[in-house]
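# Give me a model of this one.
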Amino acid sequence: MIKGDIKLIVYDFDGVMTDNRVFVTQDGKESVACNRGDGLGIDMIKGMSIPQIILSTETSNVVLQRAEKLGIFAIHGTGNKKNSLSSYCLKKDIFLKKVLYVGNDLNDMDVMRRVGFPICPADAHEKIRELSIHITKAKGGGGVVRELADWLTNLDN
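Down below sits the predicted model:
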């Protein structure tokens with residue numbers, strides 16, 4: 001795999017940028033914990049001129065808030081990640097085989113089977129680990145994106 005082959009990086013949110021937990025307050029507000037190192041990873045990848053987006057089934061605004069903070073686009077509340085990513089890539093003239101997708105659970109499986117570079121965190125579902133070409137040492141929420149940035153930096157060396 002050559003870094004120049006990657007035309008888009010897509011991140012699932014829960015279980016990749018978070019540890020898959022949600023905190024719910026007594027008034028029903030939700031929050032999650034994200035790793036600040038992932039922000040540095042996003043910036044490092046921006047320096048490689050590879051576009052990045054978040055693709056999530058989650059309907060909570062926390063996904064949009066985090067994407068805005070990171071300065072990347074987010075598609076959230078999608079019931080079909082494969083169709084949503086296919087539509088996005090068609091509009092952007094990107095072949096799915098040129099997409100690196102980081103996912104962790106069964107709802108990522110269909111889309112991960114169609115992209116060229118499926119990657120997952122260490123604690124991803126077993127079936128997702130089986131189809132991934134790279135598994136990070138980091139678990140979800142533990143700096144997966146930051147580790148990915150280092151991996152990509154060293155890819156062509």
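# what sits against the nearest residue to residue 19 once chain neighbours are set aside?
Setting aside the residues directly before and after it, residue 19 is nearest to residue 141 in space (CB to CB, 6 or more residues apart in numbering), at 3.2 Å. Any C-beta I mention is one placed from the backbone N, CA and C, and that applies to glycine too. Residues in contact with residue 141 (CB atoms under 8 Å, 6 or more residues apart in numbering) are 15, 16, 17, 18, 19, 20, 21, 33, 34, 35.
# Filter these down to the buried ones.
Among the contacts of residue 141, those classed as buried by 16 or more other CB atoms under 10 Å are 15, 16, 17, 18, 19, 20, 34, 35.
# what about the fourth one, which SS state?
This means residue 18. Here residue 18 is recorded as coil under DSSP: H, G, I helix; E, B strand; the rest coil.
# One more: residue 53?
Secondary structure for residue 53, judged by three-state DSSP, is strand.
# who are the neighbours in contact with residue 67?
53, 54, 73, 74.
# how does it look with 10 Å?
Shown in contact with residue 67 (CB atoms under 10 Å, 6 or more residues apart in numbering): 11, 13, 17, 42, 52, 53, 54, 56, 73, 74, 75, 76.
# I figured residue 104 hits residue 126, correct?
No. Counting by CB atoms under 10 Å, residue 104 does not reach residue 126; the two are 11.1 Å apart.
# More neighbours: which of the two?
Between residue 104 and residue 126, counting by other CB atoms under 10 Å, residue 104 is the more crowded of the two (29 against 7).
# Show the contacting residues for that one.
Neighbours of residue 104 in contact, by CB under 10 Å, 6+ apart: 11-18, 20, 112, 119-125, 128-129, 132, 139-140, 144.
# again, but for residue 16
Counting by CB under 10 Å, 6+ apart, residue 16 touches 10, 38, 54, 56, 101-105, 108, 119-121, 124, 136, 138-141, 144-145, 148.
# Compute the distance between residue 48 and residue 54, please.
Distance, residue 48 to residue 54, using CB to CB, to the nearest Å: 18 Å.
# Equivalent analysis for residue 32, please.
Distance check for residue 32 against residue 54: by CB to CB, it reads 13 Å.
# what's the answer for residue 129, then?
Distance, residue 129 to residue 54, by CB to CB: 21 Å.
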